[in-house]
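Asker: With the sequence up front, the predicted model follows.
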Amino acid sequence: MIRSKKYISILASILIVFSFAACENYLGGDTNQDPNRVFEDDIGLDALLPPVLVSTSEAHYSIAFTFSRYAQHISFVGDVAQEETSLNGAWTEIYLASLNNLDVMEQKAVEANASHYLGIVKVMQAYNLSMATNAWENIPWSNAFQEGDFSPSYDTQEQIYSDIQTLLDDGIAELQKSPSEFNEPGSDDVIYGGDISKWIKTAYALKARNAIHTTEKGAVSAANDALSALPNAYSSNADDFQVAYNTDKNLNPWHTSAYLAAQTGNPAPDHADQLIDMMNGTTYPEEDPRLPIIASNGGAAEYYGSESGNYGVNQDAPDNSSNTAFSDETFHSRADAPIIMMTYAEMKFIEAEARFLVDNGGDETATGATQQAYEAYMEGIQANMDKLGVSTAERDDYMSEPSVDVGAANLTMELIMKEKFKALFLNPEVYNDYRRYDWDSAIFTDLALPANHNPELNGEWIQRAVYPSSELSRNSEEVQKAQKDIGTPMWFYN
């Protein structure tokens with residue numbers, strides 16, 4: 001079941017709106033109305049938009065907290081690696097706080113002839129559906145928000161992927177219309193401040209991302225679909241799709257879960273050795289200047305990440321212990337750090353991969369590609385380093401390393417994915433890359449099953465989340481039809 005009564009999730013969203021100070025003076029109207037109930041007729045588009053954007057970033061974080069462990073970006077306390085997860089928080093954020101309110105926004109935008117709001121709604125619906133289907137595969141959508149239907153059916157992932165493209169096409173069409181006289185997003189758009197051109201770029205960026213997901217369905221066709229969208233997607237770091245937080249009440253969730261939790265003696269994630277070894281000169285000969293920006297080691301001479309499935313241990317360290325941690329100054333765990341969902345750097349790596357596949361007839365094991373593919377690979381590195389604040393000198397030194405600046409004739413999928421893995425730190429998109437390339441250690445160097453691996457997986461990698469228990473109890477018949485074993489590959493990479 002997706003909802004009980006629509007006003008419940010809207011009330012929760014309004015509280016978020018107030019915390020983000022997007023609608024400080026809202027609450028007017030009839031004072032005789034029940035103050036504990038907020039109904040959709042009372043809420044404007046400008047009040048609904050901020051909480052939708054925030055809840056989407058919170059869902060992104062919630063998924064990343066688990067999937068970044070699966071992808072060995074981070075290591076976390078626990079006896080068993082790759083345990084099943086239901087991602088309860090993400091389901092709530094996506095369905096109750098985002099898609100539910102987007103359904104209300106869609107109706108209001110149509111009634112008000114507010115095309116730009118409607119376009120943003122379509123893009124945000126597509127983004128939330130993309131997160132959901134890549135977590136659970138089959139999900140409710142086509143009849144999820146019909147009044148009185150408390151047992152919606154689950155659409156297949158193939159259908160969801162098709163619906164996402166339709167939503168994005170429709171969203172682009174609405175965003176390209178002339179501004180409406182009275183209903184235009186502005187400061188309520190906490191991502192782009194009402195810059196519609198950036199929302200159009202985001203729609204195309206998501207089209208490119210979802211296209212490259214389907215390389216297992218046909219590598220060259222998927223690559224060409226991505227390449228057709230990319231010219232209209234992001235053109236610089238200024239276009240990045242992210243939600244900003246602050247040092248007052250709205251702290252970045254990585255700050256609270258990774259930094260503050262550790263300071264108060266609670267379980268907190270550390271950087272996995274798979275990531276750290278790729279950056280400290282162990283896996284590759286070059287040392288990456290981004291390492292001290294994303295990880296703290298307390299001033300030690302070397303960085304030692306935590307073994308996945310063996311939290312806090314690093315057998316290569318003198319004392320067999322890891323020494324990396326999140327701090328209040330590391331880039332992703334500052335109190336005011338943004339939650340980064342899609343970036344220009346990601347688009348360049350998608351372009352590099354897509355051109356590589358087209359150049360080589362879909363063969364990911366080939367060596368060499370066109371200069372265009374190579375330039376996209378190098379630009380992806382530069383874009384991420386610039387975003388993280390790497391100095392020009394350090395950036396240029398790294399990019400001129402012989403093991404990085406290999407030339408177009410020596411470009412490989414391994415190099416593209418190596419740099420994308422680092423640039424998309426704490427982004428669940430890395431988990432999608434792992435799954436669609438079948439966890440291939442020839443592409444993802446030194447990748448191996450974690451210690452204390454979940455015995456239920458029988459030596460295989462985990463492939464999905466399970467549905468939340470709340471959904472199972474309320475819509476059990478449909479959930480049981482959709483649920484698959486956690487080791488079963490999804491449609492998009494099978």
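Answerer: Nice, I can see it. Numbering: from 1, shown residues only.
Asker: contacts, neighbours, all on C-alpha from now
Answerer: OK.
Asker: Number of residues surrounding Glu58?
Answerer: Other residues lying near Glu58 total 20 when counted by other CA atoms under 10 Å.
Asker: Check which helices and strands the helix or strand where it lies sits against.
Answerer: Here Glu58, judged by DSSP states H and E, is contained in helix 45-70. If contacts are counted by 3 or more CA pairs under 8 Å, 6 or more residues apart in numbering; DSSP states H and E, helix 45-70 sits against helix 6-19, helix 88-91, helix 100-112, helix 115-136, strand 241-243, helix 253-254, strand 339-342, helix 429-436.
Asker: Quick check: mean pLDDT of the first one?
Answerer: Yep, that's helix 6-19 we're talking about. Helix 6-19 shows a mean pLDDT of 36.
Asker: next one: stretch 219-230
Answerer: 98.
Asker: Can I get that stretch in PDB? Just the C-alpha atoms.
Answerer: What follows is stretch 219-230 as a C-alpha-only set of coordinates in PDB (Å, rounded to 0.1, in the frame of the first residue of the first chain):
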ATOM      1  CA  ALA A 219      25.900  -2.400 -25.700                       C
ATOM      2  CA  VAL A 220      26.100  -0.300 -28.900                       C
ATOM      3  CA  SER A 221      22.400   0.700 -29.000                       C
ATOM      4  CA  ALA A 222      22.500   1.600 -25.300                       C
ATOM      5  CA  ALA A 223      25.700   3.700 -25.900                       C
ATOM      6  CA  ASN A 224      24.200   5.400 -28.900                       C
ATOM      7  CA  ASP A 225      21.000   6.300 -26.900                       C
ATOM      8  CA  ALA A 226      23.200   7.800 -24.200                       C
ATOM      9  CA  LEU A 227      25.200   9.700 -26.700                       C
ATOM     10  CA  SER A 228      22.100  11.200 -28.300                       C
ATOM     11  CA  ALA A 229      21.100  12.600 -24.900                       C
ATOM     12  CA  LEU A 230      24.500  13.900 -23.700                       C
END
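Asker: Show me what it is in contact with.
Answerer: Stretch 219-230 has contacts (CA atoms under 8 Å, 6 or more residues apart in numbering) with 204-205, 207-215, 347, 350-351, 353-355, 357-358, 361-362.
Asker: ok, now with 10 Å
Answerer: 201, 203-216, 347-348, 350-364 (CA atoms under 10 Å, 6 or more residues apart in numbering).
Asker: that older thread, out of the helices and strands packed on helix 45-70, which is closest to Pro402?
Answerer: helix 429-436 (25.2 Å; CA to CA).
Asker: Point out the other helices and strands that that closest one packs with.
Answerer: helix 45-70, helix 115-136, helix 196-213, helix 413-423 (3 or more CA pairs under 10 Å, 6 or more residues apart in numbering; DSSP states H and E).
Asker: Remind me what the shortest one packs against, helices and strands.
Answerer: Using 3+ CA pairs under 10 Å, 6+ apart, the elements in contact with helix 413-423 are helix 273-279, helix 344-359, helix 371-388, helix 429-436.
Asker: can you do 7 Å?
Answerer: helix 344-359, helix 371-388 (3 or more CA pairs under 7 Å, 6 or more residues apart in numbering; DSSP states H and E).
Asker: tell me which residues in the longest one are buried?
Answerer: In terms of neighbour count (16 or more other CA atoms under 10 Å), helix 371-388 has its buried residues at 371, 373-385, 387-388.
Asker: Ok, stretch 65-85 next?
Answerer: In stretch 65-85, counting by 16+ other CA under 10 Å, buried: 65-76, 80-85.
Asker: sorry, back to before: just give me the closest of the buried residues of helix 371-388 to Leu53.
Answerer: Using CA to CA, the buried residues of helix 371-388 come closest to Leu53 at Lys387, 21.5 Å.
Asker: Could you find the closest non-adjacent residue to the closest one?
Answerer: Closest residue to Lys387 in three dimensions, ignoring its sequence neighbours and counting by CA to CA, 6 or more residues apart in numbering: Asn237, at 6.8 Å.
Asker: tell me the contacts of the one you found?
Answerer: Residues counted as contacts of Asn237 (CA atoms under 7 Å, 6 or more residues apart in numbering) are Thr343, Tyr344, Ala383, Lys387.
Asker: cool, Glu394 as well?
Answerer: Glu394 neighbours (CA under 7 Å, 6+ apart): Pro289.
Asker: Quick check: pLDDT value at it.
Answerer: 98.
Asker: where's His271, which helix or strand?
Answerer: strand 270-271.
Asker: For that strand, the averaged confidence score.
Answerer: Mean predicted lDDT for strand 270-271 stands at 97.
Asker: how about low-confidence regions in the stretch 151-300 of the chain?
Answerer: Within the stretch 151-300 of the chain, not a single segment meets pLDDT under 70.
Asker: how about the helices in it?
Answerer: 157-175, 196-213, 219-229, 253-254, 261-263, 273-279, 291-294 (DSSP state H, counting those that start in this stretch).
Asker: Could you count how many residues lie near Gly218?
Answerer: 11.
Asker: now it: how far from Asp363?
Answerer: When CA to CA, to the nearest Å is the yardstick, Gly218 and Asp363 sit 11 Å from each other.
Asker: Repeat that for Asn452.
Answerer: 34 Å.
Asker: now do Gly309
Answerer: 33 Å.
Asker: Looking at those two, which has the bigger crowd around it?
Answerer: Neighbour totals were compared for Gly309 and Asp363, and Gly309 leads with 25 against 14 (other CA under 10 Å).
Asker: Tyr493: which of the helices and strands packed on helix 413-423 is closest?
Answerer: helix 344-359 (15.7 Å).
Asker: other SSEs contacting that closest one?
Answerer: helix 219-229, helix 371-388, helix 413-423.
Asker: Now find how far off-centre that helix is within its chain.
Answerer: In terms of CA atoms, centre = their mean, to the nearest Å, the centre of helix 344-359 is found 18 Å from the chain centre.
Asker: Give the rounded mean pLDDT of that helix.
Answerer: 99.
Asker: That one vs helix 196-213, what angle?
Answerer: Relative orientation of helix 344-359 and helix 196-213, computed by axes from the mean of the first three to the mean of the last three CA atoms, to 10 degrees: 40 degrees.
Asker: contact partners of helix 344-359?
Answerer: Contacts for helix 344-359 (CA under 7 Å, 6+ apart): 205, 219-220, 223-224, 226-227, 234-237, 239-240, 363-364, 369-370, 373-374, 376-377, 379-380, 383-384, 413, 416, 420.
Asker: one more time with 6 Å
Answerer: Val220, Ala223, Tyr234, Ser236, Asn237, Ala369, Ala373, Ala376, Tyr377, Gly380, Ala383, Asn384 (CA atoms under 6 Å, 6 or more residues apart in numbering).
Asker: I'm done for today, thanks for sticking with me.
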